[in-house]
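Okay, sequence plus prediction incoming.
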Amino acid sequence: MTFRAVLPLALAAALAAAGPALAGAGSGSFTGQSSHVTSGSVEVVETDAGWEIRLGADFSFDGAPDPRVAFGKGGKFADGTDFEPLRQNSGAQVYAVPAGIDPAEFDTVVIWCRKFSVPLGYAALE
């Protein structure tokens, strides 16, 4: 067997050993809204188990009542997408997107205040 024949096999084995396949849906950085300070990175990825929203280790939010993780489109919150409460105001976090929400339909991740119906932070996905 030649080197050219072995290389594709070795590459395939290395990729398989790397873990679940991920397909990127987009990533971005938060900016605060409604006089709130929200910053840090976010990534929306598809894993073997489904879609996830991953807030980066640099994520930070100044706090508000009833903050929730949601999606938006065209810079606006999309009704019915605030699927889970924000667990903590800073640091890395992972949220499983419910099967009824298709992240491909949205271009923004939103930190949304359900109590007052206002955005607390937006991250446009690229």
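It's in. Residues are numbered from 1 along each chain as shown.

nearest spatial neighbour of the residue nearest the centre of the chain, skipping sequence neighbours?
The centroid of the chain falls nearest to Ile53 when counting by Cα atoms, centre = their mean (2.6 Å). Among residues not flanking Ile53 along the chain, Tyr95 sits closest, at 4.5 Å (Cβ to Cβ, 6 or more residues apart in numbering). Any C-beta I mention is one placed from the backbone N, CA and C, and that applies to glycine too.

Quick check: that neighbour touching Glu52?
Yes: contact criterion Cβ atoms under 8 Å: Tyr95 and Glu52 qualify, at 6.5 Å.

More neighbours: which of these two?
More neighbours surround Tyr95 than the other of Tyr95 and Glu52, with 20 against 17 (other Cβ atoms under 10 Å).

And what about that one, helix, strand or coil?
The three-state assignment at Tyr95 reads strand, by DSSP: H, G, I helix; E, B strand; the rest coil.

List the residues that contact it.
By Cβ atoms under 8 Å, 6 or more residues apart in numbering, the contact list for Tyr95 reads 52-55, 69, 83-84.

tally of neighbours for Leu55?
Neighbour tally, Leu55, other Cβ under 10 Å: 26.
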